[in-house]
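**Q** the following comprises the amino acid sequence and a computationally predicted model.
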Amino acid sequence: MRACAIALIRRGIASEIGTLSHPFSLFCSDLRNVGFQCRRHFSSLLRLDFSIVKDMGFASFVFGEMIKVRPPPSVSMFNNMLHVVVKMEQYTAALSMFDEMRQSGAPMNVYTMNIAINCYCLLNRVDFGFAVLGCCFKLGYEPNVVTFNTLLKGICIDDKVIEAEQLFSKLLALDLCEPNEVMISTLINGLCKGGYTGRACDLLALLETRSYKPNVCAYNALIDGLCKDGRVEDALSFFRKMIDNDIPPDVVTYSTTMCGLCGVGRWKDVEYLVNEMLNRKISLNVFTFSILVNALCKEGNMKAAEDVLEVMIRQNISPDVVIYTSLIDGYCSRGQMDKAKEIFHSVVDQGLEPNIITYHSLIKGYCTNGKIDEAWCLFLEVPHKGLQHTAHTYNTMIHGLFREGRFAEGCDLFYRMEDQQVHPDLVTYTILLDGLLRDHQIDKAFSFLRRMEDSGFYPDIVTYGTLVKGLCADGRVEAARHIINRLPSKGLQPDVQMYTMVLVSLYQQGLVMEAKGLLREMEENGCSPCSVTYNFIIRGLLKSNKHCWAMQFLKEMIIRGFVADSTTVSVLLKFQTQKKDEIKF
DNA sequence: GCGGCGACAG
């Protein structure tokens, strides 16, 4: 045990090992249970049920024994051992074992090499995966379809899906291996997840004309990609197509399709599919219920979400933390913080562990409902629960502090985020820009903008919208106008909201000619003023006492068939009461 | 004998 620990520590993986101090008595009883009577005959472990290896401490111990014993255990035992460690997501540890096996001349085969390649891929080092492929050739282990498929997946993980597609074509052209169903699924999934759903459709169509048969996983991946792209009709046509091609949809197909339908509010179709599933004797599982509950929560239909929860409990399917997180998020969005908190406590009471997303939902709920101190308490609780903050939790907390006008604290939290090695993302920078602008720290905001560009984060339309809003609020309408002018050179098109903010500012400052020019430009760019534009302009003009202009816009809005929203109506009524002698409605 | 693919919460 000690030697094993030292060896592993030397390889720098001590941190990944977890409980090295596994009680020795427990090892012995575990080993007795699996028939490990005599160390010299490790072959008695051939039938060892590796599922009993549940922690790294025990895994390291068993591996240490395996590597020492003579004659050595079979190659499949070593592969089983590595596989267990991979399933525990301890990829670095598995690679250290692989390394040790090589150094001590333990038996290996192409399966071992494939496991090692998979570990490198899962650690985002597909380049090392290819190095192992080189070793395969050198050592005479002939790579097979699994080897290439693992590398293909690694390339996809590395966000180079097009290269994966090229490798696939090369494999076909050079006849390096015969692609199978799993490989096709991997590539289709990679293409869809990488944002190339169109290419995935083309590939599937091409394969259908050949002898390669896409399986249910391939169809599911494609249906998922289409649904996430909002192409629900296309997803449904693939759903029908797979039935025509004698590939029966399974619970994943149904859940994925329902997820797409829920997203566009097609509840009747969802109901139809649930009935179809039941007719086909396919049971709804925890994923299916989770999709339904989440969609209902997003719609704000908490009663229906709770009903679905009850149905699943009645069917003896235990709701998991994901489902409860959806409910917490739903109640938080509706400002029902007491209900959200109650569910949070019930999660803990049931022995489930709230994760960082659960905490994020609750923190966000408190922030948006003006309970920043409660949010802060939860934020501080996260590391004590053994959870790690993410960019999401930092972003929400910083945003919450800024919303309360606590700019210095928000900025401090940003620096703490960097200290804690949580990498800021585009959302972080946008929130910071917003805060700095609202705190009238214009120069600091622009230096942040440069900093984000230096870090490789290029502002998107939301970031520019934030800049425009901040500059307008600060009365710097010229600077805001300049940003809009420069957008096309950055490959972005100004949107209605952006134009609206500048328009309101121009009218408020009495720059009527400029405003009219901008309105023309807006129409020319195919960005016609919408209901929101008119409402914002009218409210802005009333607030700055430019009621004549406001009335003119009101008239134009009505002519164009738009209506004043409730906020505008209340501002108009307030204005009417103040100036009832001057204005007649 | 042992390895590679799919659906859920921010």
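**A** Received it, and whenever you're ready, just let me know what you need.
**Q** list of residues touching stretch A:477-495?
**A** Identification of contacts with stretch A:477-495 by Cβ atoms under 8 Å, 6 or more residues apart in numbering yields A:458-461, A:464-465, A:467-468, A:471-472, A:498-499, A:501-502, A:505-506, A:509, A:511, A:514, A:518, A:525, A:527. C-beta coordinates here come from the backbone N, C-alpha and C atoms, glycine included.
**Q** got it, and stretch A:306-316?
**A** Outside stretch A:306-316, the residues within contact range by Cβ under 8 Å, 6+ apart are A:284, A:286, A:289, A:292, A:293, A:296, A:319, A:323, A:327.
**Q** mind checking which helix or strand the fifth one is in?
**A** Read that as residue A:293. Element membership for residue A:293 (DSSP states H and E) is helix A:286-299.
**Q** residues contacting the residue in the stretch 451-585 of chain A that DNA strand B sits nearest to?
**A** Closest residue of the stretch 451-585 of chain A to DNA strand B, Cβ to the nearest atom of the strand: residue A:462 (15.5 Å). By Cβ under 8 Å, 6+ apart, the contact list for residue A:462 reads residue A:430.
**Q** redo that, cut-off 10 Å
**A** Applying Cβ atoms under 10 Å, 6 or more residues apart in numbering, we find residue A:462 in contact with A:426, A:427, A:430, A:434, A:495, A:497.
**Q** next one: phi and psi at it?
**A** phi -70, psi -40 (degrees, to the nearest 10).
**Q** so which residues of the stretch 401-550 of chain A form helices?
**A** A:407-419, A:426-438, A:442-454, A:461-473, A:477-486, A:496-508, A:512-524, A:531-543, A:547-559 (DSSP state H, counting those that start in this stretch).
**Q** turn the ones you listed into TSV, including mean pLDDT.
**A** TSV is the format used below for the helices of the stretch 401-550 of chain A (pLDDT from 0 to 100):
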stretch	mean pLDDT
helix A:407-419	96
helix A:426-438	96
helix A:442-454	91
helix A:461-473	94
helix A:477-486	92
helix A:496-508	90
helix A:512-524	88
helix A:531-543	80
helix A:547-559	83
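**Q** hang on, the earlier thing: can I have the buried ones of the contacts of stretch A:477-495 as a ChimeraX selection?
**A** Buried subset of the contacts of stretch A:477-495, written as a ChimeraX selection, criterion 16 or more other Cβ atoms under 10 Å:
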select /A:459,464,465,467,468,471,472,498,499,501,502,505,506,509,511,514,518,527
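**Q** residue A:408 and residue A:437, how far apart?
**A** As for residue A:408, its distance to residue A:437 is 15 Å (criterion: Cβ to Cβ, to the nearest Å).
**Q** looking at those two, which one has more neighbours?
**A** Legend: neighbour count by other Cβ atoms under 10 Å for residue A:408 and residue A:437, higher for residue A:437 (24 against 10).
**Q** which non-adjacent residue is nearest that one?
**A** If the residues on either side of it in the chain are set aside, residue A:437 comes closest to residue A:470, at 2.6 Å by Cβ to Cβ, 6 or more residues apart in numbering.
**Q** pretty sure that neighbour sits against residue A:442.
**A** Yes. Using Cβ atoms under 10 Å, residue A:470 is in contact with residue A:442, at 7.8 Å.
**Q** who touches both of these two?
**A** Joint contacts of residue A:470 and residue A:442 (Cβ under 10 Å, 6+ apart) are A:436, A:476, A:479.
**Q** any of these buried? List them.
**A** For those, buried by 16+ other Cβ under 10 Å: A:436, A:476, A:479.
**Q** turn these into TSV, including distance to residue A:300.
**A** Formatted as TSV, these follow (distance: Cβ to Cβ, whole Å):
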residue	distance to residue A:300
A:436	33
A:476	38
A:479	39
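**Q** export the residues you listed to CSV and tack on distance to DNA strand B?
**A** Below are these laid out as CSV (distance: Cβ to the nearest atom of the strand, whole Å):
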residue, distance to DNA strand B
A:436, 23
A:476, 32
A:479, 32
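**Q** could you pick out which of the contacts of stretch A:306-316 are near DNA strand B?
**A** A:286, A:323 (Cβ under 7 Å from any atom of the strand).
**Q** buried subset of the contacts of stretch A:306-316?
**A** Buried, going by 16+ other Cβ under 10 Å: A:284, A:289, A:292, A:293, A:296, A:319, A:323, A:327, out of the contacts of stretch A:306-316.
**Q** just give the nearest non-adjacent residue to residue A:215, would you?
**A** Excluding the flanking residues, the one nearest residue A:215 by Cβ to Cβ, 6+ apart is residue A:181, at 4.1 Å.
**Q** so what's the one you found up against?
**A** So residue A:181 contacts A:212, A:213, A:214, A:215, A:216, A:217, A:218 (Cβ under 10 Å, 6+ apart).
**Q** check the gap between the closest residue to the second one other than its chain neighbours and residue A:149 for me.
**A** Across the structure, with Cβ to Cβ, 6+ apart as the measure, the residue nearest residue A:213 apart from its sequence neighbours is residue A:181 (6.5 Å). Between residue A:181 and residue A:149 the distance, using Cβ to Cβ, works out to 10 Å.
**Q** tell me which residue of the stretch 351-500 of chain A lies closest to DNA strand B.
**A** For the stretch 351-500 of chain A, Cβ to the nearest atom of the strand, closest residue to DNA strand B: residue A:392, 3.3 Å.
**Q** and that residue, how many neighbours?
**A** By other Cβ under 10 Å, 19 other residues sit near residue A:392.
**Q** tell me the contacts of it?
**A** A:356, A:357, A:359, A:360, A:361, A:363, A:364, A:422, A:425, A:427, A:428.
**Q** rerun at 8 Å
**A** A:356, A:357, A:360.
**Q** by neighbours, which of those wins?
**A** Neighbour tally across these (other Cβ under 10 Å): the maximum, 25 neighbours, falls on residue A:360.
**Q** can you dump the C-alpha atoms of the helix or strand that that one is a member of in PDB for me?
**A** In this assignment (DSSP H and E), residue A:360 forms part of helix A:356-368. Output in PDB follows, covering the C-alpha atoms of helix A:356-368 (Å, rounded to 0.1, in the frame of the first residue of the first chain):
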ATOM      1  CA  ILE A 356     -23.200  24.300  -8.200                       C
ATOM      2  CA  ILE A 357     -26.100  24.800 -10.600                       C
ATOM      3  CA  THR A 358     -28.600  24.400  -7.800                       C
ATOM      4  CA  TYR A 359     -26.700  27.000  -5.800                       C
ATOM      5  CA  HIS A 360     -26.500  29.200  -8.900                       C
ATOM      6  CA  SER A 361     -30.300  29.200  -9.400                       C
ATOM      7  CA  LEU A 362     -30.900  30.200  -5.800                       C
ATOM      8  CA  ILE A 363     -28.200  32.800  -5.800                       C
ATOM      9  CA  LYS A 364     -29.600  34.300  -8.900                       C
ATOM     10  CA  GLY A 365     -33.100  34.200  -7.400                       C
ATOM     11  CA  TYR A 366     -32.000  36.200  -4.400                       C
ATOM     12  CA  CYS A 367     -30.000  38.700  -6.500                       C
ATOM     13  CA  THR A 368     -32.900  39.400  -8.800                       C
END
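**Q** tell me which other helices or strands that helix touches.
**A** Packed against helix A:356-368 by the contact rule (3 or more Cβ pairs under 8 Å, 6 or more residues apart in numbering; DSSP states H and E) you find helix A:321-333, helix A:337-349, helix A:372-384, helix A:391-403.
**Q** list of residues touching that helix?
**A** Residues outside helix A:356-368 that contact it (Cβ under 8 Å, 6+ apart) are A:321, A:324-325, A:328-329, A:331-333, A:335, A:337, A:340-341, A:344, A:347, A:372, A:374-375, A:378-379, A:381-382, A:385, A:387-390, A:392-393, A:396-397, A:399-400, A:403.
**Q** kind regards, and thank you for your time.
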